[in-house]
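Trainee: what would the 3D arrangement of this be:
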Amino acid sequence: MDEAAAARDAALRYLASADRSEDEVRRKLRQAGHAEETVEEALAFLRAAGLVDDVRLARDWTESRGIRRQIGPRRLEAELRRKGIDAEIVREAVEGLSEEQTVEAAIAYALRRPDASRLDDPAARRRLCAALQRRGYDWETIEQVIAAIEENQ
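Mentor: All right, here's what the predicted structure looks like:
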C-alpha cells in the first residue's frame, strides 16, 4: 500500500467513529507520521467525497449540543475552536441558534437542577446562575431564565 492510500485509510478509520474537523484529521495523520503533502492529499480526497466539512460539522455540533444538550453559545464556541474550526465558521454556526432556542435550552437545563425550585434562597440562586454560566450562557440569557422560572413559580 502506498503512502497516500495508507493516509486515506487511516483518516477513514478515524472518521468512522465520529465527524471530525479538517484540523483534527490533519493532526491525527501528522501524529501517525504521514508526510505533510500526503496529509493534504488525503484531506483533499475527504473534502471531495464530502466526508470532512467544517461548516456542516459546526452547524450540526451547535444544534446537537446547543439545543439537545443545553450548552450555551460561549461554551459551544470554545468547543468548536478546540476542534480547530475557523473562527468565522464558528461564529456563523453559533449565530445560527436563535435567541429563543438558546433561552429555551437554558430554561430546560435550569429546571433539571434542584436550585431552580428555591430561587428565594440567595445561595441557591447563585449556584444556579454559576451552573448556567459554566454551561456557556451569558448574563442576559441567565437573567431571562431566572425571570421565566420565577414567573412560573
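Trainee: residues contacting the most centrally placed residue in the chain?
Mentor: Relative to the mean C-alpha position of the chain, the nearest C-alpha, by CA atoms, centre = their mean, is the one of Leu76, at 4.1 Å. Applying CB atoms under 8 Å, 6 or more residues apart in numbering, we find Leu76 in contact with Trp61, Thr62, Arg65, Gly66, Ala93, Val94, Gly136. C-beta here means a position set from N, CA and C on the backbone, and glycine is covered the same way.
Trainee: quick check: next helix or strand after the helix or strand harbouring it?
Mentor: If you go by DSSP states H and E, Leu76 is part of helix 73-82. Note on helix 73-82: by DSSP H and E, the next helix or strand toward the C-terminus is helix 87-95.
Trainee: and that next one, how far out from the chain middle?
Mentor: Relative to its parent chain, helix 87-95 has a centroid offset of 11 Å by CA atoms, centre = their mean, to the nearest Å.
Trainee: now the element after that helix, going C-ward?
Mentor: In N-to-C order, the element after helix 87-95 by DSSP H and E is helix 99-111.
Trainee: output whichever helix or strand comes after that following helix as PDB, restricted to C-alpha atoms.
Mentor: Remark: after helix 99-111, the chain's next helix or strand is helix 122-134, criterion DSSP H and E. Extracted in PDB, the C-alpha atoms of helix 122-134 (Å, rounded to 0.1, in the frame of the first residue of the first chain):
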ATOM      1  CA  PRO A 122     -29.700  33.600  47.600                       C
ATOM      2  CA  ALA A 123     -27.200  30.700  47.800                       C
ATOM      3  CA  ALA A 124     -29.400  28.500  45.600                       C
ATOM      4  CA  ARG A 125     -29.800  31.400  43.100                       C
ATOM      5  CA  ARG A 126     -26.100  31.900  43.000                       C
ATOM      6  CA  ARG A 127     -25.500  28.200  42.400                       C
ATOM      7  CA  LEU A 128     -28.000  28.100  39.500                       C
ATOM      8  CA  CYS A 129     -26.500  31.200  37.900                       C
ATOM      9  CA  ALA A 130     -23.000  29.800  38.300                       C
ATOM     10  CA  ALA A 131     -24.100  26.500  36.700                       C
ATOM     11  CA  LEU A 132     -25.700  28.300  33.800                       C
ATOM     12  CA  GLN A 133     -22.600  30.400  33.300                       C
ATOM     13  CA  ARG A 134     -20.300  27.300  33.400                       C
END
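Trainee: thank you kindly, that will do.
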